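Chemist: model this:
(chains A and B)
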Amino acid sequence: MSKIFLKDMIYRQARVVLTIIGITLLIALILFLGGIMNGMKIQARQYVESTGADIWISAKGSGGAFIGFSLLVPEYLAFLRHDKRLTADSVSPLVFAQARPIIRGKAGKAIVVGYKRDKHGGPRHAIEGRMFTPSEFEDYRPQDLPLAEVVVDEKMGLTIGERITIGGKELKVVGKTKSLMFVLDTPLLFMDIRTAQDVLLDNYLHVNMMIAKSKGNHNVSEIATDLNQRGSIEVRTLDQTLDDIIDTYVDEPMKAVTFLRVMLCLAAFILVTMITYVTTLEKTQEIGILKAIGASNHYVMLLILKQVALTSVIGVVFGLILSYLFAIFAPIFVKIDPVESAVVAAISFKACCAGGYLAGHRATLVDPMVAFRGEI
Amino acid sequence: MIIEAKGLTKKFGQSAAEIVAVNQVDISIQMGELVMFMGDSGCGKTTLISLLGCILTPDEGELRINQKLVDYENDNLSLIRRRDIGFVFQLFNLIPYLTALENVMLAMDISNTRGFEAEKRAEKLLARVGLKHRVNHRPGQLSGGEKQRVSFARALANKPKIIFADEPTANLDSRQSQNLMGLVQELRQDNQTTIAIVTHHQELRKNADRVIHMEDGKII
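Modeler: Here you go, the predicted model:
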């Protein structure tokens, strides 16, 4: 008879099933949204980490390499190359900017990465085709334009020799790289620094940032602090840059999503509270009978809480499963974190039980006299 | 005395709308007695047994159950109800999703009597009220008379000292009512249980040891 709560749930199965569906969807959405954010963070990190650079230099006051609008003149290359704490020849310029390439007549989205081939900033080898032809002009004369070639992400579905247009300029696809998507599955288009300057900066000889690799026996933070004191540039370490990029591309734009996740958790709490509360109101007569024949408030409360706990556990487990299914079939990269799943599951379960407790408290206030007044 | 009440008073409503449902009632019921409360509708019968059964708290007066004074401030009234008192309701009030057996076991569950012992006792009680063949039927599958028999079995589940029955025959035909009263007499003798029945069926009075008439909240 300790299974009375189960029999009650089976008797009211339609309501129980609907409640479970509600919790399942809410939990799945909470986790799925979290998974999208995690996916964005992973994608934001993976490009920065793939460059191998640990010093990121942008224009002073821009807030960081990926945060604001940073433009540097190439003269900084020479200045940095003479710093003995940086690996010889590691200093290189980088253009990194969002673009709307026209591919097969349709505007798409992509990130243009302009760098010097064989330096930090992009791949050194193509997995299909070849790398773009590097510019030969170290002094960056505007009139000396390299071949308009681009190496694309293997997942973009482009073929070697195909043409795409960026900024009204046509580029030839000469190779493909191993997939390295940026935030929200935005593909990266790798090209020579001069080509990027031409298509994005109207051939101005500026770059967004300089990147470099420190020598192993030097502290990166100290190098960054020291370089920062030299005026007109802002130097960040890899960790600071990662924080910047995640803050800029994930946390800031996803503030609304974070808020939505909290709201969804609250909705789960309200859903369970409302349904359990309404069910409790409907069961007033039944609860009155239980109390009339001697059930304590503790007994009534436990009866309700057991039902809420079981409903919530089923809803949460199904929600976890559904969120992983969503992640598998999502059109963008979604990474659901098991630890976060456990935390969300625990919080949601507690929120649901809190809702059940409120309804249970209402049940304990039922006057046993109702047992004399009507039929169930 | 199993029940002894002095000056029990219960009022409902306030000021001009105030109704004195039970007014300064003194009553005592002896162990094993079968008492019937009779009177017109609204005379306070149900309110009185609710007071005697510790479901309602009186505005005035005192109540002793099994010679112990009920302290409404400090006593656990639900404990008194499940330990000393059984209730039978006019509309049966069985839990619809439980079988007859489970409805009887429910009362024991509330008193922490569970498992094999509870099941055997519930089967025995249902057999005693003539429902051995209906133990696995739900209330919706039972007749009115059968439901009320299950109610009596449930009321007896925790071996109460007294059973209060509120109009137990109100929804039964005269044959079912007589059968039920026969059963009540047998149960009283078997279990030495005191039974207090609220009824307005005059033909049942012959079954009672004592009939208490009520009018306007008072015993007359």
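
Chemist: who's in contact with residue 27?
Modeler: The chain I'm using is chain A. Going by Cβ atoms under 8 Å, 6 or more residues apart in numbering or on different chains, A:Ile27 touches A:Ala268, A:Gly315, A:Val316, A:Phe318, A:Gly319, A:Leu320, A:Leu322, A:Ser323, A:Val344, A:Ala345, A:Ser348. C-beta here means a position set from N, CA and C on the backbone, and glycine is covered the same way.

Chemist: Correction: the question concerned chain B.
Modeler: Here B:Ile27 is in contact with B:Ile3, B:Glu4, B:Ala5, B:Leu8, B:Leu48, B:Leu52, B:Ile212, B:Ile219 (Cβ under 8 Å, 6+ apart).

Chemist: Who wins on neighbours among those?
Modeler: B:Leu48 (29 neighbours; other Cβ atoms under 10 Å in any protein chain shown).

Chemist: tell me the secondary structure for the closest residue to that one other than its chain neighbours?
Modeler: Spatially, and ignoring its direct neighbours in sequence, B:Leu48 is nearest to B:Val22 (5.1 Å; Cβ to Cβ, 6 or more residues apart in numbering or on different chains). Secondary structure state of B:Val22, per DSSP: H, G, I helix; E, B strand; the rest coil, is strand.

Chemist: Enumerate the beta-bridge partners assigned to B:Val22.
Modeler: B:Lys10 (DSSP bridges).

Chemist: wait, isn't it in contact with B:Pro58?
Modeler: Yes - contact criterion Cβ atoms under 8 Å: B:Val22 and B:Pro58 qualify, at 7.5 Å.

Chemist: Now do the residue nearest to A:Val73 when sequence neighbours are not counted against A:Ser70, distance only.
Modeler: The shortest distance from A:Val73 to any non-neighbouring residue, by Cβ to Cβ, 6+ apart, is to A:His206 (6.3 Å). Using Cβ to Cβ, to the nearest Å, A:His206 is found at 9 Å from A:Ser70.

Chemist: cool, and A:Asp367?
Modeler: Going from A:Asp367 to A:Ser70 by Cβ to Cβ gives 71 Å.

Chemist: could you give the mean pLDDT of the helix or strand that contains A:Ile10?
Modeler: For A:Ile10, the element it lies in under DSSP states H and E is helix A:4-11. Across helix A:4-11, the average pLDDT comes to 90.

Chemist: go on, stretch A:123-132?
Modeler: Stretch A:123-132 carries an average pLDDT of 91.

Chemist: Between the two ends of that stretch, how far is it?
Modeler: 11 Å (Cα to Cα, to the nearest Å).

Chemist: Any chance you could list what contacts that stretch?
Modeler: A:117-118, A:146-147, A:149-151, A:154, A:160, A:173-178, A:180, A:190-192, A:195.

Chemist: redo that, cut-off 7 Å
Modeler: The contact list for stretch A:123-132 (Cβ atoms under 7 Å, 6 or more residues apart in numbering or on different chains) reads A:117-118, A:149-151, A:154, A:160, A:174-178, A:190-192.

Chemist: least confident pick among these?
Modeler: Sorting these by pLDDT puts A:Asp118 at the bottom of the list (84).

Chemist: For my notes, confirm that residue occurs in a helix.
Modeler: No - judged by three-state DSSP, A:Asp118 forms no part of a helix; its state is coil.

Chemist: so how far is chain B from the closest residue to it other than its chain neighbours?
Modeler: Distance criterion Cβ to Cβ, 6+ apart; nearest residue to A:Asp118, sequence neighbours excluded, is A:Arg124 at 5.7 Å. Using Cβ to the nearest Cβ, to the nearest Å, A:Arg124 is found at 71 Å from chain B.

Chemist: what about A:Arg124, neighbour count?
Modeler: Neighbours of A:Arg124 using other Cβ under 10 Å come to 10.

Chemist: From A:Gly63, how far out is it?
Modeler: Counting by Cβ to Cβ - A:Arg124 and A:Gly63 are separated by 30 Å.

Chemist: ditto for B:Leu56
Modeler: Taken as Cβ to Cβ, the span from B:Leu56 to A:Gly63 is 72 Å.

Chemist: repeat for A:Ser92
Modeler: Plainly put, A:Ser92 is 22 Å away from A:Gly63 if you go by Cβ to Cβ.

Chemist: ok, those two, which is more surrounded?
Modeler: Ranked by neighbour count (other Cβ under 10 Å), A:Ser92 and A:Gly63 place A:Ser92 first, with 25 against 17.

Chemist: The nearest residue in space to that one that is not next to it in sequence and A:Asp192: what is the separation?
Modeler: Spatially, and ignoring its direct neighbours in sequence, A:Ser92 is nearest to A:Lys119 (3.6 Å; Cβ to Cβ, 6+ apart). Per Cβ to Cβ, A:Lys119 is found 11 Å from A:Asp192.

Chemist: Tell me which of these two has more neighbours.
Modeler: Applying other Cβ under 10 Å to A:Lys119 and A:Asp192 shows that A:Asp192 carries more neighbours, namely 27 against 22.

Chemist: Grab the nearest non-local neighbour of the residue of the stretch 1-150 of chain A found nearest chain B.
Modeler: Proximity of the stretch 1-150 of chain A to chain B (Cβ to the nearest Cβ) peaks at A:Tyr11, 3.5 Å away. Computed as Cβ to Cβ, 6+ apart, the closest residue to A:Tyr11 that is not its neighbour in sequence is B:Tyr97, at 3.5 Å.

Chemist: can you tell me how far that neighbour sits from B:Gly145?
Modeler: Per Cβ to Cβ, B:Tyr97 is found 21 Å from B:Gly145.

Chemist: The residue most central in space within chain B bridge partners, please.
Modeler: Centroid-nearest residue in chain B, with Cα atoms, centre = their mean: B:Phe164, separated by 1.9 Å. B:Phe164 has the following beta-bridge partners by DSSP bridges: B:Phe87, B:Ala196.

Chemist: so who does A:Val95 touch?
Modeler: A:Val112, A:Gly114, A:Ile193, A:Ala196, A:Gln197, A:Leu200, A:Val207, A:Asn208.

Chemist: In terms of pLDDT, where does A:Val183 sit?
Modeler: For A:Val183, the predicted pLDDT is 86.

Chemist: So which helix or strand of chain B has the lowest pLDDT on average?
Modeler: helix B:174-191 (a mean of 83; mean pLDDT, DSSP states H and E).

Chemist: which parts of that one are buried?
Modeler: If you call a residue buried by 16 or more other Cβ atoms under 10 Å in any protein chain shown, then helix B:174-191 has these buried ones: B:Gln176, B:Ser177, B:Asn179, B:Leu180, B:Met181, B:Leu183, B:Val184, B:Leu187, B:Arg188, B:Asn191.

Chemist: The first one is in contact with B:Gly145, isn't it?
Modeler: Read that as B:Gln176. Yes - between B:Gln176 and B:Gly145 there is a contact under Cβ atoms under 7 Å: 3.7 Å.

Chemist: burial of the residue of the stretch 251-376 of chain A found nearest chain B, as a residue count?
Modeler: Residue of the stretch 251-376 of chain A nearest chain B, by Cβ to the nearest Cβ: A:Gly294 (2.4 Å). Per other Cβ under 10 Å, the neighbour tally for A:Gly294 reads 27.
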